[in-house]
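Asks: Below: sequence and its predicted model.
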Amino acid sequence: MQKFQYTVSRTRKLTTGLSLSIHPEKGVRVRAPFWVPDLVIRKFVEEKRAWIEKHLSKIKPTPTTATTYLEGEKHLYFGQEYSLNIISSDALRRTEAQIAGENISVSVYSGHAEEKRHDEIKEAILRFYLEVGIGVITEKVNLYSSQLGVEYSQIDIKKVSSIWGSCSPTNRLCFNRKLVMAPHEVVDYVVIHEVCHMVHRNHSSRFWGLVAKFDPKYKEHRRWLHRNHLLLTL
Ligand SMILES: [Zn+2]
């Protein structure tokens, strides 16, 4: 998957200048005169890739509201909202999170001090996302790679990542833990995208044709990720 997407705005000027800007919400934008061919723009962006990536890595997502990990807070799980339900336990056991009905419930030792309790709840939810993520994504990868007749070497789920997925030349697949918050069809799209890279290691029309065979609505799902990536914060 591309590490970033960019939008192109065309100007009516006859200048030769292509310009590039990076905005925390609007992302990477290229301004180009109307007559410059797409190919030249793609080459331009490719040449600036290192610079763009450097700047993108410095931009922190700006969530509309910070996650508090307090009772009743809504948390996303495969596109559905669940209320955080904190259960005090007298037993000093590992703090665990799980989905229970319409809640994401976390059982935490009552003897922990305030700050420790907060950290325990947060860590339990993050761990839950990571563990669920590995299971669900592995199942999806198995399904699509067997249909395509390709074999991956390894699946990794990244805790912190600016990308949704990647596929290495040795077919090592990597996915973002935040995918557990996205609707299933969007997670499927990311999996399909990376699995298809085991066949076509580029973003050619043949690649997108293959993606479309498994996910005819892939454009919609790609747009969803583009629009919502700042909302999915852990
Ligand atoms: Zn790709």
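Replies: Received it, and whenever you're ready, just let me know what you need. Residues are numbered from 1 along each chain as shown.

Asks: Now tell me what touches stretch 94-112 from outside.
Replies: Residues outside stretch 94-112 that contact it (Cβ atoms under 8 Å, 6 or more residues apart in numbering) are 75, 77, 82-93, 117, 120-121, 123-125, 127-128. (Glycine included, C-beta is placed from N, CA and C.)

Asks: change it to 6 Å
Replies: The contact list for stretch 94-112 (Cβ atoms under 6 Å, 6 or more residues apart in numbering) reads 75, 82-90, 92, 117, 120-121, 124-125, 128.

Asks: what do you get for stretch 17-25?
Replies: Contacts for stretch 17-25 (Cβ under 6 Å, 6+ apart): 28-32, 44, 48, 55, 59, 62.

Asks: Just give me how far stretch 222-234 sits from the chain centre.
Replies: 7 Å (Cα atoms, centre = their mean, to the nearest Å).

Asks: Dump the C-alpha coordinates for that stretch into CSV.
Replies: Presented in CSV, the C-alpha positions along stretch 222-234 are these (Å, rounded to 0.1, in the frame of the first residue of the first chain):
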residue,chain,number,x,y,z
ARG,A,222,-10.3,3.3,0.3
ARG,A,223,-12.1,6.6,0.6
TRP,A,224,-13.4,5.6,4.0
LEU,A,225,-9.9,5.1,5.3
HIS,A,226,-8.8,8.3,3.9
ARG,A,227,-11.6,10.2,5.5
ASN,A,228,-11.6,8.4,8.9
HIS,A,229,-8.0,7.8,9.6
LEU,A,230,-7.8,10.7,12.1
LEU,A,231,-10.9,9.4,14.0
LEU,A,232,-9.3,6.1,14.6
THR,A,233,-7.1,7.0,17.5
LEU,A,234,-5.9,4.6,20.3
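
Asks: Now which of the contacts of stretch 94-112 would you call buried?
Replies: Among these, the ones that count as buried by 16 or more other Cβ atoms under 10 Å are 75, 82, 84-86, 117, 120-121, 124-125, 128.

Asks: pLDDT below threshold where in the chain?
Replies: 1-3, 13-16, 25-26, 60-65, 160-161, 230-231, 234 (pLDDT under 70).

Asks: Can you name the element that comes right after the one helix or strand R42 maps to?
Replies: Element membership of R42, judged by DSSP states H and E, is helix 38-47. With elements assigned by DSSP H and E, the helix or strand that comes after helix 38-47 is helix 49-58.

Asks: ok, residues contacting whatever helix or strand comes next after that next one?
Replies: Remark: after helix 49-58, the chain's next helix or strand is strand 74-77, criterion DSSP H and E. When contacts are defined by Cβ under 6 Å, 6+ apart, strand 74-77 is touched by residues 81-82, 84, 104, 181.

Asks: repeat that for 8 Å
Replies: With Cβ under 8 Å, 6+ apart, strand 74-77 has contacts from 81-84, 99, 104, 125, 132, 180-182, 232.
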